[in-house]
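**Student:** this one's structure only:
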């Protein structure tokens, strides 16, 4: 992978540089927000992963994430932050982060998160390519692999619709989360199961990663229709649109 690590603490960057070298990853480092945006824009299509500290000089991590997302909607961003509050985590996701790791963090855990996100993105790309080759447009004009009448989801185009209205601005993780839940209506998924299936890594105690994504996903769903993701208290979440009538 080609990594851009945006981190103003040089000791953290030096530490992670050693771990990146062990993985044979090509890593570059930016130490303030303005430098980070410039470095990203110089070769925007070449980066495979961004790690982004929230507290940066020049331009903070939230602003950097917004600038990156103006150029690329898909490059994975993992936020590194000493802030451990739900509002900061949700805000980071809203500005385009795929995941977050709170400081102090284990380098091994961060490497595992990066590998999992990269592996899943590669799998998605392979699935899209395979679907495109197997299902020509003229033979499959809709291509919805989930269709309940009210809810429709197309994995090839990565679009989801409620009552005929597209759920807007789904991030890659939000789409994967929605697909996982809706593929088995009424089945309750624990947070641990969702971490394994959507983030593709073992449970590290980061339940709030799931909760923050669910919160943002629900907000987007409610823009176009009634809520179809339910909380099962003490267990997890489920998708259920059985009480909604299709138009």
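**Tutor:** That came in fine, so what should we check first? In this text, all values refer to a predicted model and were calculated from it rather than measured experimentally.

**Student:** Three-state assignment for residue 59, please.
**Tutor:** coil (DSSP: H, G, I helix; E, B strand; the rest coil).

**Student:** okay, now the nearest residue to it once chain neighbours are set aside: neighbour count?
**Tutor:** Computed as CB to CB, 6 or more residues apart in numbering, the closest residue to residue 59 that is not its neighbour in sequence is residue 33, at 2.7 Å. No exception for glycine: its C-beta is placed from N, CA and C like everyone else's. Counted with other CB atoms under 10 Å, the neighbours of residue 33 add up to 24.

**Student:** Also residue 195?
**Tutor:** Neighbours around residue 195, by other CB under 10 Å: 21.

**Student:** What's the per-residue pLDDT of it here?
**Tutor:** Here, the pLDDT recorded for residue 195 equals 85.

**Student:** shouldn't it be in contact with residue 209?
**Tutor:** Yes. Contact criterion CB atoms under 8 Å: residue 195 and residue 209 qualify, at 6.9 Å.

**Student:** coming back round to it: mind checking how far the residue nearest to residue 59 is from residue 68?
**Tutor:** The gap separating residue 33 from residue 68 is 11 Å, by CB to CB, to the nearest Å.

**Student:** which residue sits closest to residue 174 in space, ignoring its chain neighbours?
**Tutor:** residue 217 (4.7 Å).

**Student:** Could you report the separation of the one you found from residue 112?
**Tutor:** For residue 217 relative to residue 112 (CB to CB), the value is 24 Å.

**Student:** Nice, that's everything, thank you.
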